[in-house]
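1. Next come a sequence and a model predicted from it.
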Amino acid sequence: DEDGFYDIQYGDDRVAERAHLYADAQGRYSSWGLTPTPYPIPHDGPVGQMLAAVHRSPVRASHLHFMVTAPGKRTLVTHIFVDGDPQIEIGD
């Protein structure tokens, strides 16, 4: 969110930045949303120590997660990234 937190990092029961999308009879679906921004993960404990040990930033690249399910099929969990995000290193 605008404070750099996931909804589950708050002490209340809020649910934010999540949605359910459903396909039509032909299997088509679409969505729209605001362009996500980079954000830091909590790094004041063991995760921070691990990131420091491998010289990684706690800032995550701009991305959206998707979980796609269908009866009788394997579940796909993936994410897409925003083109041009400075956190993404592109090789030659």
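-> Great, that's in hand.

2. Helix or strand next in line after the helix or strand of the chain with the lowest mean pLDDT, which one?
-> Across the helices and strands of the chain, mean pLDDT, DSSP states H and E gives its lowest value to strand 39-40, namely a mean of 83. Where DSSP states H and E defines the elements, the next helix or strand beyond strand 39-40 is helix 46-53.

3. In that following helix, which residues are buried?
-> Across helix 46-53, burial judged by 16 or more other Cβ atoms under 10 Å covers no residue at all. (Each C-beta comes from the backbone N, C-alpha and C, glycine too.)

4. Please apply the same query to stretch 73-80.
-> For stretch 73-80, using 16+ other Cβ under 10 Å, no residue counts as buried.

5. can you give me the offset of that stretch from its chain's centre?
-> Between the centre of stretch 73-80 and the centre of its chain there are 13 Å (Cα atoms, centre = their mean, to the nearest Å).

6. List the contacts of that stretch.
-> Around stretch 73-80, the neighbours that count as contacts under Cβ atoms under 8 Å, 6 or more residues apart in numbering are His63, Leu64, His65, Phe66, Met67, Val68, Thr69.

7. Average the pLDDT values over it and round to the nearest integer.
-> Mean pLDDT, stretch 73-80: 94.

8. Tell me which stretches of this protein form strands.
-> The residue ranges that make up the strands of the chain, judged by DSSP state E, are 39-40, 59-60, 63-68, 76-81.

9. What strands flank the last one, and is each parallel or antiparallel?
-> The strands that strand 76-81 pairs with in its sheet are strand 63-68 (antiparallel) (by DSSP bridges).
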